[in-house]
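Colleague: Here is the input, now give the coordinates:
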Amino acid sequence: MTARCWLKAAGSFASPGLSALLRPLALSQPSAGRRMTSRRKPDHVERTASNSRQTTLFPARVCGIVSESDSVRRLRLAVPDPHFSFKAGQWVDFFIPGVATVGGFSICSSPALLRREGVIELAVKHTPHPPAHWIHHTCTVDSEVAVRVGGDFFFDPAPCGRAVDLLLVAGGVGINPLFSILLHAGDLQRHRLAGGQSCARGAVRLCYSAKSADDLLFKRSIIRVCSEFPRLLSCDFHLTRQSEDIDPELRPFVSDGRVSEQVLREHVESLGSRGEREVLCFLCGPPPMIESVSSQLLHLGVAPHRILFEKWW
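Modeller: Predicted structure coming up:
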């Protein structure tokens, strides 16, 4: 596969620092008797020790960097190994030569982009956490890293399986895996139309909450893919601290305040084609938001097994 990059094409992946990362690794498993103290939060590998993940590390090279917002950098990574794959919604363990801490970042691109161009994309918020700090202050085009896919939070329907409707609820940078799922839904619809397949695809509703319009990641891409398939895909943005006028292009999609139970009720009732299809709810964002939205969905009668979530600290 040929990687299309924003700034510079990826070259050879041989590197002494990267070679050290690609030696066999054992996953960090917290012992049963170990207690986490209030002074130290568990790291990404410890928090996700029970999740499914690949056993192989794959070399990757940064081939594009853009600012998605004032605090979020978007990386484009060329991953040339044909055995590398992921499902929409999954994350990567992110290994950096010389940095002991392993990062954990959701993939925000679609599986189809990897198949077409051999690249994945990550959108990383600036924090003091060593991997995020490296991405914002040290990482450059041609930086070499290694990645390993993990996670049990994904949307991967069978080609002609039973259609399901999706309700995606995102808070802040929790949009990353849900954007991947939204893009994947669009790709599946394009594939269906191009191939003349009779397999039906369900509807997707995205509720995305952020502080301000500037904090809405991928907003124009979200509107674009929803506008391409308006009968199947839709979005609404919820702003909690917007103080300035909103771009007229965004205004039709924006509401003030958090995602309320009434908003969730309207979406749940509009999905499922009156009980003909199952509705799956994918939630990703800060833990308090996930707990609140989960409780509201349960109160609306959504079965627990239909509420899937990923919490990011």
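Colleague: Distance of residue 136 relative to residue 103?
Modeller: From residue 136 across to residue 103, the span is 12 Å (CB to CB, to the nearest Å). C-beta here means a position set from N, CA and C on the backbone, and glycine is covered the same way.
Colleague: Out of these two, name the residue with the larger neighbour count.
Modeller: residue 103 (24 against 17; other CB atoms under 10 Å).
Colleague: Check the gap between the more buried one and residue 267 for me.
Modeller: 33 Å.
Colleague: pLDDT on stretch 297-304, on average?
Modeller: For stretch 297-304, mean pLDDT rounds to 96.
Colleague: Which residue, other than its chain neighbours, is closest to residue 71?
Modeller: Spatial nearest neighbour of residue 71, excluding adjacent residues (CB to CB, 6 or more residues apart in numbering): residue 126 at 4.8 Å.
Colleague: The one you found contacts residue 173, doesn't it?
Modeller: No - using CB atoms under 8 Å, residue 126 is not in contact with residue 173, being 10.5 Å away.
Colleague: Quickly list what's touching both of those two.
Modeller: Residues touching both residue 126 and residue 173 (CB atoms under 8 Å, 6 or more residues apart in numbering) are residue 72.
Colleague: more neighbours, these two?
Modeller: residue 173 (24 against 15).
Colleague: Can you pull the residues that touch both of residue 136 and residue 103?
Modeller: residue 124.
Colleague: List the buried residues for stretch 190-206?
Modeller: Within stretch 190-206, the residues that qualify as buried are 192, 201-206, counting by 16 or more other CB atoms under 10 Å.
Colleague: Would you point out which residue is most central in this protein?
Modeller: residue 177 (1.6 Å; CA atoms, centre = their mean).
Colleague: need the strands for the stretch 51-200 of the chain, in chain order.
Modeller: Secondary structure of the stretch 51-200 of the chain (DSSP state E, counting those that start in this stretch): strands at 58-67, 72-78, 91-96, 99-106, 119-125, 144-150, 164-171.
Colleague: Ok, the stretch 201-313 of the chain next?
Modeller: Using DSSP E, counting those that start in this stretch, strands in the stretch 201-313 of the chain cover 204-210, 233-239, 254-256, 278-285, 307-311.
Colleague: quick one, which of the ones you listed is nearest to residue 91?
Modeller: strand 307-311 (8.1 Å; CB to CB).
Colleague: Report the strands that pair with the closest one, each with its relative direction.
Modeller: strand 278-285 (parallel) (DSSP bridges).
Colleague: Need the CA coordinates for the partner strand. PDB is fine.
Modeller: Taking Å, rounded to 0.1, in the frame of the first residue of the first chain, the C-alpha atoms of strand 278-285 are listed here in PDB:
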ATOM      1  CA  GLU A 278     -31.700  -3.100  17.100                       C
ATOM      2  CA  VAL A 279     -30.300   0.200  18.500                       C
ATOM      3  CA  LEU A 280     -26.700   0.200  19.800                       C
ATOM      4  CA  CYS A 281     -25.400   3.100  21.900                       C
ATOM      5  CA  PHE A 282     -21.700   3.900  21.700                       C
ATOM      6  CA  LEU A 283     -20.500   6.400  24.400                       C
ATOM      7  CA  CYS A 284     -17.000   7.900  24.800                       C
ATOM      8  CA  GLY A 285     -15.900  10.700  26.900                       C
END
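Colleague: Run the chain-centre distance for that strand.
Modeller: 13 Å (CA atoms, centre = their mean, to the nearest Å).
Colleague: how about the strands of the stretch 201-313 of the chain in TSV, adding mean pLDDT and distance to residue 162?
Modeller: Shown next, in TSV, are those (pLDDT from 0 to 100; distance: least, CB to CB, whole Å):
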stretch	mean pLDDT	distance to residue 162
strand 204-210	97	16
strand 233-239	97	19
strand 254-256	93	32
strand 278-285	95	7
strand 307-311	90	17
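Colleague: Serialize the ones you listed to TSV and add fields for distance to residue 74.
Modeller: Shown next, in TSV, are the strands of the stretch 201-313 of the chain (distance: least, CB to CB, whole Å):
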stretch	distance to residue 74
strand 204-210	16
strand 233-239	19
strand 254-256	22
strand 278-285	17
strand 307-311	19
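Colleague: Done for today, thanks.
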